[in-house]
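A.B. asks: after the sequence you'll find the predicted model.
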Amino acid sequence: MPMEQVRAEAPRADSRPPPSAVSVEESLEVLVDVARRLTRAHQATVVLTPAPGKSKGASVTSLSRAYEDWGGYSVPSAEESARGAGRGRGTRAEPRGRLCVPLPSGAGMLHLFDREVGDFTREDDVALSGLVRLASLALESARLLREEQRARTEAEAAEQRAAFLADASRVLASSSLDPKATLDTLARLSVPVMADWCFVDLKDDTGAVQRTSVAHADPGEDALAARVWDFPPGPEGSVHPTTRVARDAESVLVHDVDEAWLRRVSVSDEHHDVMRDVGFHSLLSVPLLARGRSLGALTFLAVRPSRHYTQADLETAQDLARRAALLVDNARLYREARRSVRLRDEFLAVASHELKTPLTPLQLRLQWLRRQTSADLSSSLPASTVLSQLDVVQRQVDKLAGLVDGLLDVSRLSSGGMTLQREDMDLEMLAREVKAHLALAATQAGSQVSLFTRGDVKGSWDRVRLEQVLTHLLSNALKYGAGQPVHIELRDEGDQVLVRVEDAGIGISPEYQAHIFERFGRAVSERHYGGLGLGLYVTRQIVEAHGGEIHVRSEPGRGSHFEVILPRREPA
Ligand code: ADP
């Protein structure tokens, strides 16, 4: 939405220039000068009561020519004050007379020092009291004016924020289901109203933070923007400011950015230089929170000197981030729902195909047996022929039973979790059994299987369930292993045991890696590789029921490593 529109619609604050008035400093200067001349004192100083939290109040001094000429007393220059140098040039004489007149309402004190004329008179005191009353009126009005100007500036800023929020909300409300495009528009809308630079960083499926939008107010800074794109590093322990906000889900407001802060949050010298070249002196970064989870971060940078982020800006940004996060979350849920529907449809197609595959040979054998027996009821088929046909029938029935068992397992897991029958066992013994059991499959796949055990791999686990895990990981390594060798490693890791199954086969592309442990998650077409996409889902459920974890590392064409970490005992 163009900015002109925002300005046209937003109700503007009264934009008349504030009435001109003397400032507090000017009033004080006039006061001390007139007070000195009126009493013919050599020095007049007004010292204001310190502001809360300050140890010293401001002071203003007026000196007569004679006093300065005498050389015993002069106002120090800025440099002298900075060096802490004394005020005097030469010997400093104590003034002879002194008169102190309090300013009304405890605002401070007017001091008059008279060196040559003698003590001050009663008339001086009366005249000064009147003068002080007058001056304090001027002082009061100057203060009120300053207060009013501050309030006016704040009101304008608040109005600007409200107009920006209204505009941003319109963008969000009319957004499509492409959150990136909407966030891009939002970032562009934020400059220059809210910021000189605005970034959006979103977590991807793996939790890594990716920069998705960069908007800046100055069109001449495209080259710098290209460098800014390069610094949203991954979430692992990074000090990068926006990555931390996205990861820890906590807002960051830096009113004044300094060199020490830049050093602290830079991930490299190059990153530091980019931040310095952007030249921001104030930063605001808020998490995109939806359903209690952080989806990323929305960040504003202030470059122009008049802009410093405050608590009020933080609240505006948080409000905006909440709305934006809702949008991102909805889009993700929608995408997820569509993916689930697609997966379910694919699953139904694959399941019917897989369930039908053993049925065809089964039917053929049964028809053949029926034909043979009905053609000649008296002739008895040789037992060996019947037995070999029945073997085929049995194999297909086993295959069907296996598929149906798998389906039942999944539906049981979805409805009620898993109960484990733990017993003390040796994982190496079990792995040997599984390897032997799959020897024929390994031969058929043309893969050699090796098994290494390092240290003690005993623990208390559910034997039947772990057999399922090992069988499944090894069968997959053979199925997707492209006839290359397969290694199984079992390792003692203190309180845990690590199981690693490695193949050098077709591998899994990164975008599928996050999904293969889901129900019906498959990374290959069923035409080339059968399977229901349930095995790794069940495997993960079993591993997690044991308090463990399963991970995959894989590169397409280079093979896959599956790692299971199993705590030896049930957590207390
Ligand atoms: P499926 O019955 O389809 O094999 P799984 O749950 O066992 O189901 O595996 C899910 C998907 O993960 C498979 O469809 C395949 O794409 C991929 N996959 C599993 N193991 C491997 C492996 N060792 N190498 C390559 N891809 C694998």
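C.D. replies: Yep, that arrived.

A.B. asks: burial check on the closest residue to the ligand within the stretch 151-300 of the chain, number of neighbours?
C.D. replies: Nearest residue of the stretch 151-300 of the chain to the ligand, counting by Cβ to the nearest ligand atom: Asp205, 15.7 Å away. Just so you know, the C-beta spots here come from the backbone N, C-alpha and C atoms, and that holds for glycine as well. When neighbours are defined as other Cβ atoms under 10 Å, Asp205 has 11 of them.

A.B. asks: look up the closest residue to it, ignoring the ones flanking it.
C.D. replies: Ala514 (4.8 Å; Cβ to Cβ, 6 or more residues apart in numbering).

A.B. asks: wait, that neighbour touches Gly207, no?
C.D. replies: No - with contact defined as Cβ atoms under 8 Å, Ala514 does not reach Gly207; the gap is 9.6 Å.

A.B. asks: can the helix or strand where Ala337 lies be found next to the ligand?
C.D. replies: For Ala337, the element it lies in under DSSP states H and E is helix 311-356. No - for helix 311-356, no contact with the ligand is found by Cβ under 6 Å from any ligand atom; the gap never falls below 7.9 Å.

A.B. asks: can you tell me which residues contact the most centrally placed residue in the chain?
C.D. replies: For the chain, Ala246 is the residue whose C-alpha lies nearest the centre (Cα atoms, centre = their mean; 0.4 Å). Contacts for Ala246 (Cβ atoms under 8 Å, 6 or more residues apart in numbering) come out as 201-203, 209, 235, 287-288, 294-297.

A.B. asks: now do the same for whatever helix or strand it lives in: mean pLDDT, whole number.
C.D. replies: Per DSSP H and E: Ala246 is located in helix 241-248. Taken as a whole, helix 241-248 carries a mean pLDDT of 90.

A.B. asks: end to end on stretch 473-487, go ahead and measure it.
C.D. replies: 11 Å (Cα to Cα, to the nearest Å).

A.B. asks: so that stretch, near the ligand or not?
C.D. replies: Yes - Stretch 473-487 reaches the ligand (Cβ under 6 Å from any ligand atom) through 476-477, 480.

A.B. asks: which residues sit in contact with Trp368?
C.D. replies: Gln389.

A.B. asks: how does it look with 10 Å?
C.D. replies: 385, 389, 392 (Cβ atoms under 10 Å, 6 or more residues apart in numbering).

A.B. asks: quick one: which of those residues is nearest Thr39?
C.D. replies: Val392 (125.0 Å; Cβ to Cβ).

A.B. asks: where does that closest one land in three-state SS?
C.D. replies: helix (DSSP: H, G, I helix; E, B strand; the rest coil).

A.B. asks: now do the lengthiest helix in the chain, average pLDDT.
C.D. replies: Among the segments of the chain that qualify as a helix by DSSP state H, the longest is helix 122-173. In this model, helix 122-173 has a mean pLDDT of 85.

A.B. asks: which strands and helices lie in contact with it?
C.D. replies: helix 3-9, helix 24-39, strand 43-48, strand 97-102, strand 108-114, helix 179-190, helix 311-356 (3 or more Cβ pairs under 10 Å, 6 or more residues apart in numbering; DSSP states H and E).

A.B. asks: recalculate using a threshold of 7 Å.
C.D. replies: With contacts defined as 3 or more Cβ pairs under 7 Å, 6 or more residues apart in numbering; DSSP states H and E, helix 122-173 has these neighbours: helix 24-39, strand 97-102, helix 179-190, helix 311-356.

A.B. asks: looking at the residues of stretch 473-487 next to the ligand, state which has the most neighbours.
C.D. replies: Counting by other Cβ under 10 Å, top hit in the residues of stretch 473-487 next to the ligand: Ala477 with 28 neighbours.

A.B. asks: what sits closest to Arg395 if chain neighbours are left out?
C.D. replies: Nearest non-adjacent residue to Arg395 (Cβ to Cβ, 6+ apart): Pro358, at 8.0 Å.

A.B. asks: look up how far the ligand lies from Val464.
C.D. replies: As judged by Cβ to the nearest ligand atom, to the nearest Å, Val464 and the ligand stand 18 Å apart.

A.B. asks: that residue: helix or strand, and which one exactly?
C.D. replies: Going by DSSP H and E, Val464 is in helix 463-479.

A.B. asks: before we move on, the earlier item: immediately after the helix holding Ala246, which helix or strand?
C.D. replies: strand 252-254.

A.B. asks: before we move on, the earlier item: tell me the two of the contacts of Ala246 that are most distant?
C.D. replies: For the contacts of Ala246, the maximum inter-member distance is 14.3 Å, found between Pro235 and Leu288 (Cβ to Cβ).

A.B. asks: look at those two and report which has more neighbours.
C.D. replies: The residue with more neighbours, out of Pro235 and Leu288, is Leu288; 29 against 17, by other Cβ under 10 Å.

A.B. asks: helix, strand, or coil at the more buried one?
C.D. replies: strand.

A.B. asks: measure it to Ala246 for me?
C.D. replies: 8 Å (Cβ to Cβ, to the nearest Å).

A.B. asks: intersection of neighbour lists for those two?
C.D. replies: Residues touching both Leu288 and Ala246 (Cβ atoms under 7 Å, 6 or more residues apart in numbering) are 294, 296-297.

A.B. asks: near the ligand, from these?
C.D. replies: Of those, not one also sits near the ligand (Cβ under 6 Å from any ligand atom).

A.B. asks: what's the PyMOL line that selects buried ones from those residues?
C.D. replies: Restricted to buried positions by 16 or more other Cβ atoms under 10 Å, the PyMOL selection for the shared contacts of Leu288 and Ala246 reads:
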select buried, resi 294+296+297
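
A.B. asks: and the residue nearest to Asp205, how many residues sit next to it?
C.D. replies: 14.

A.B. asks: mind checking how far it is from Tyr537?
C.D. replies: Where Tyr537 is concerned, Ala514 sits at a distance of 13 Å (Cβ to Cβ).

A.B. asks: just Trp461 next, same as before
C.D. replies: For Trp461, the distance to Tyr537 (Cβ to Cβ) stands at 19 Å.
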